[in-house]
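Novice: sequence first, then the predicted structure, then my questions.
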Amino acid sequence: MSDAALEIRSLHSGYGRVPVLHGISARIEPGETVGLIGPNGHGKSTLFRTLSGLLPAWSGSVHFLGRDITNKSPSAIVESGLIHVPQGNTLFPDLTVQENLWLGAFAKGPRAERRKTIERVFSLFPRLAERRGQRCRTLSGGERQMVAIGCGLMGLPKLLILDEPTLGLSPKLKMELRDAIAAIIGSGVQTIIVEQDPEFLQTLATRFLLVSEGAVHAEISGAGGLEHQRIVEMYFGHA
Ligand SMILES: Nc1ncnc2c1ncn2[C@@H]1O[C@H](COP(=O)(O)OP(=O)(O)O)[C@@H](O)[C@H]1O
Ligand SMILES: [Mg+2]
């Protein structure tokens, strides 16, 4: 069998001595776009912090493109191409749009490419091109989210993980962001998206995983996307 893009085997982790991930397993094939849904507080962000090396894995393993990255340093994991755009506002508010974007290209390979990459980010998000010299604290929530995703792209991801990119955005901005994410996927960047609103994912993801209580509880694949009934079943269990 060929290598998975990402293979998570029975991963356990948590905070202090409090467990959050109870043996989560998932296999993500090259090229598929995975949507992760599930109730609040059930370990989605904790999973990505563990994959990124920000939290230690207590047991289990993570393989990325055939290499074991379990408990490697966050910078080594970023350099391997696994890039996680965390939930919430993580920009430097007093730096400009462009300065924040440069920081996303800190690794050696991406740094060499950064002038080319930033132009790609600006063509994807024309609003950012107009505001490249503006301090991030003065941006709207949607624009900040674009910068955060742009920072992820500056690192030249082989797999881009977006953790609730639409949190707090208006419906109109959500649509705009969805188009931009579709363009990112269309440009060949494999993506995992965490999202509270399954409808947002319908046109983006090719497979859906439901995370609850720190484990994958169900999955749906297929072209038809998520129908309402299926979502209800996933959240509330089968009749
Ligand atoms: N920094 C933290 N310190 C301690 N507990 C945390 C921390 N972040 C999250 N948790 C707890 O871990 C659990 C899972 O949270 P999280 O992974 O953020 O869920 P989700 O992303 O699915 O909403 C929750 O019970 C939450 O309270
Ligand atoms: Mg979360």
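Specialist: Structure's in. What do you need? Ligands and ions are numbered 1, 2, ... in the order given.

Novice: wait, what's in contact with residue 209?
Specialist: For residue 209, the contacting residues are 26, 34, 35, 36, 37, 216, 218, 219, by Cβ atoms under 8 Å, 6 or more residues apart in numbering. Backbone N, C-alpha and C define where each C-beta goes, glycine included.

Novice: number of nearby residues for the nearest residue to residue 164 once chain neighbours are set aside?
Specialist: Once flanking residues are discounted, residue 164 sits nearest to residue 87: 4.7 Å by Cβ to Cβ, 6 or more residues apart in numbering. Number of residues near residue 87 (other Cβ atoms under 10 Å) recorded here: 17.

Novice: just the pLDDT at residue 87, thanks.
Specialist: Looking at residue 87, its pLDDT reads 88.

Novice: pretty sure it is in a helix, no?
Specialist: No. Secondary structure of residue 87, determined by DSSP: H, G, I helix; E, B strand; the rest coil: coil, with no helix assignment.

Novice: isn't it right up against residue 161?
Specialist: No. Assessed by Cβ atoms under 8 Å, residue 87 is found out of contact with residue 161, at 10.4 Å.

Novice: any low-confidence regions in this protein?
Specialist: Scanning the chain for pLDDT under 70 picks out 1-2, 222-239.

Novice: just the closest residue of it to ligand 2, please.
Specialist: Closest to ligand 2 within the chain is residue 45: 3.2 Å, counting by Cβ to the ion.

Novice: so who does that residue touch?
Specialist: Residue 45 neighbours (Cβ under 8 Å, 6+ apart): 86, 87, 163, 164, 194.

Novice: those residues also near ligand 2: which ones?
Specialist: Applying Cβ under 5 Å from the ion, the subset of these adjacent to ligand 2 comprises residue 87.

Novice: farthest pair within the contacts of residue 45?
Specialist: 86 and 194 (10.2 Å; Cβ to Cβ).

Novice: near ligand 2, which residues of this protein?
Specialist: Going by Cβ under 5 Å from the ion, the residues of the chain near ligand 2 are 44, 45, 87.

Novice: what about 6 Å?
Specialist: Listed as neighbours of ligand 2 in the chain under the rule Cβ under 6 Å from the ion: 44, 45, 87, 163, 164.

Novice: quick check on residue 59: phi, psi?
Specialist: phi -160, psi 170 (degrees, to the nearest 10).

Novice: so what pairs up with it in the strands?
Specialist: On the basis of DSSP bridges, residue 59 is bridged to residue 12.

Novice: contact partners for it?
Specialist: Residue 59 neighbours (Cβ under 8 Å, 6+ apart): 10, 11, 12.

Novice: same question for residue 18.
Specialist: Listed by Cβ under 8 Å, 6+ apart, the contact set of residue 18 is empty.

Novice: so it versus residue 123, what's the distance?
Specialist: As for residue 18, its distance to residue 123 is 44 Å (criterion: Cβ to Cβ, to the nearest Å).
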